[in-house]
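Peer 1: structural data only, the sequence is not supplied:
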């Protein structure tokens, strides 16, 4: 467990805070979620190659074994910053930086590999041999995902920010009915309810004092 300081405040960085999140609702939002607690006390969750490999596995992407993972990590960090700028700007009703838009469009121009069907001897679809994605193809998939998401009026209206002040994760709300307030009921939702009950008990106890 470590601590991070920003603006005179310290945040205890627990193992859970550093956990990779795969529940943001889309590939690009899962990449944005590799930084936690934006913008108050950012926590890096994908700071090395081992964590990069874990993230790729978690989102179901395979990288070609000959790719330079260090360079890919740097490129993903750059893409992540631009993706956050664009997504957060949309939620705030503010235009993103021009360089963010340029990078997303440039990366998206690369054509990702076309899906390939392999059929086994029994006539059933079989798993195709996968050599893995090149770095440009992987970056293109993520950039295209964000562009497609925010360009679709029906989907982008479900992009939200977690109500928890210390989380603020951007996620795609796929739930039907009432909009979700938190990225996860099991995480921020339960924490918010526990805090609300605690405040209620404290206020009740204080009002009972003579």
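Peer 2: Structure's in. What do you need? Everything quoted here is computed from the prediction, not taken from an experiment.
Peer 1: how about the helices in this protein?
Peer 2: If DSSP state H is used as the criterion, the helices of the chain fall at 27-32, 49-59, 69-92, 98-108, 135-151, 153-156, 190-208.
Peer 1: so which elements touch the first one?
Peer 2: Okay, so that is helix 27-32. helix 49-59, helix 69-92, helix 135-151, strand 170-172 (3 or more Cβ pairs under 8 Å, 6 or more residues apart in numbering; DSSP states H and E). Yep, even glycine has a C-beta here, placed from its N, CA and C like the rest.
Peer 1: which of these is buried the deepest?
Peer 2: The highest average neighbour count among these, using mean count of other Cβ atoms under 10 Å, belongs to strand 170-172 at a mean of 21.
Peer 1: nearest to residue 42, out of the helices of the chain?
Peer 2: helix 69-92 (10.0 Å; Cβ to Cβ).
Peer 1: thinking again about what came up before, just send the helices of the chain back as JSON lines, with distance to residue 168 and mean pLDDT too.
Peer 2: Listed next are the helices of the chain as JSON lines, based on distance: least, Cβ to Cβ, whole Å; pLDDT from 0 to 100:
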{"stretch": "helix 27-32", "distance to residue 168": "11", "mean pLDDT": "98"}
{"stretch": "helix 49-59", "distance to residue 168": "20", "mean pLDDT": "97"}
{"stretch": "helix 69-92", "distance to residue 168": "9", "mean pLDDT": "98"}
{"stretch": "helix 98-108", "distance to residue 168": "19", "mean pLDDT": "98"}
{"stretch": "helix 135-151", "distance to residue 168": "18", "mean pLDDT": "97"}
{"stretch": "helix 153-156", "distance to residue 168": "18", "mean pLDDT": "94"}
{"stretch": "helix 190-208", "distance to residue 168": "13", "mean pLDDT": "53"}
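Peer 1: I'm done for today, thanks for sticking with me.
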